[in-house]
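[1] below are the sequence and a predicted model for it; my questions follow.
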Amino acid sequence: MAKPFFEVFPELKITDQLRGLLNLVQVEKVTSTRDRSQIRVYLKSPRLIHKKNIYDLEKGIKDQLFPDKQLEIKVLEKYNLSEQYTPRKLLEIYKDSLLLELKHYSIVEYNIFRKAEIEFEGQDRMTLTVEDTMVNRDRVGELKRVLEKVFAERCGLPMEVSYRYVPAQGSKLRKQLEERMEEEARAIYWKNHRDELEAMGEGGQTGAPAAVALA
């Protein structure tokens, strides 16, 4: 049974701005992985919360409630948005938050989305125009998966992402160097953020979470 956020975390000290955002938030459940290395907090909110505030909340819970434990806090938000929202409207308001999340998730997908020209065909079909490079063709499928998952599962606004390719600009050598750098960046990011990537759905390798009572 869902409970108000501050009933579950009454001792948490946060900024007034973040407190205002969380006043209407419900905690649906709290779970942990079997090895107790990660705690996941599932939130339901009637209004959007920027990903920076979610990251700040994760840090606050970890630093204040589990200061001496080697574990990760993951806050997984879900929104119950009003009927005024469409995928197009959501993107206008939520794009900066999406970019920050993608930057934490994968620098490759972040750069593709940041550089893409975005158009909507109707309200629920997003078309990204991207340069025709080897890296882009290799990674657009994962960007599509992440965007569709965020819009449908987190925000309740299903949409379809498609791509349009345009010739890459600049010299062939420069593009080859950029592709190599992006591949190296992805490998480094995976090494340093393996748990975070898995939590976002990269295979679900962290082990099934076991429910923890909210009472």
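    That came through, no problem. Quick caveat: nothing in here was measured; it's all calculated off a predicted structure.
[2] show me the contacts for the most centrally placed residue in the chain.
    Nearest to the geometric centre of the chain sits residue 101, at 4.5 Å (Cα atoms, centre = their mean). The neighbourhood of residue 101, defined by Cβ atoms under 8 Å, 6 or more residues apart in numbering, consists of 51, 150. All C-beta atoms are positioned from the backbone trio N, CA, C, and that covers glycine.
[3] ditto for residue 151
    Taking Cβ under 8 Å, 6+ apart as the criterion, residue 151 is in contact with 87, 90, 157-159.
[4] re earlier: against residue 180, how distant is the residue nearest to the centre of the chain?
    Residue 101 is 25 Å from residue 180, where distance means Cβ to Cβ, to the nearest Å.
[5] what does residue 4 give?
    50 Å.
[6] ditto for residue 75
    In terms of Cβ to Cβ, residue 75 sits 35 Å off from residue 180.
[7] give me the more crowded residue out of these two.
    Shown here are residue 75 and residue 180; by other Cβ atoms under 10 Å, residue 75 has more neighbours (19 against 11).
[8] doesn't the more buried one fall inside a helix?
    No. Under DSSP: H, G, I helix; E, B strand; the rest coil, residue 75 falls outside any helix and is assigned strand.
[9] about what we covered before: nearest to residue 126 among the contacts of residue 151?
    When those are ranked by distance to residue 126 (Cβ to Cβ), residue 159 comes first, at 5.8 Å.
[10] test my guess that that closest one contacts residue 152.
    Yes. Residue 159 lies in contact with residue 152 (Cβ atoms under 8 Å); the separation is 7.2 Å.
[11] gap between the host helix or strand of residue 21 and the chain center?
    Following DSSP states H and E, one finds residue 21 within helix 16-22. Relative to its chain's centre, helix 16-22 lies at 20 Å (Cα atoms, centre = their mean, to the nearest Å).
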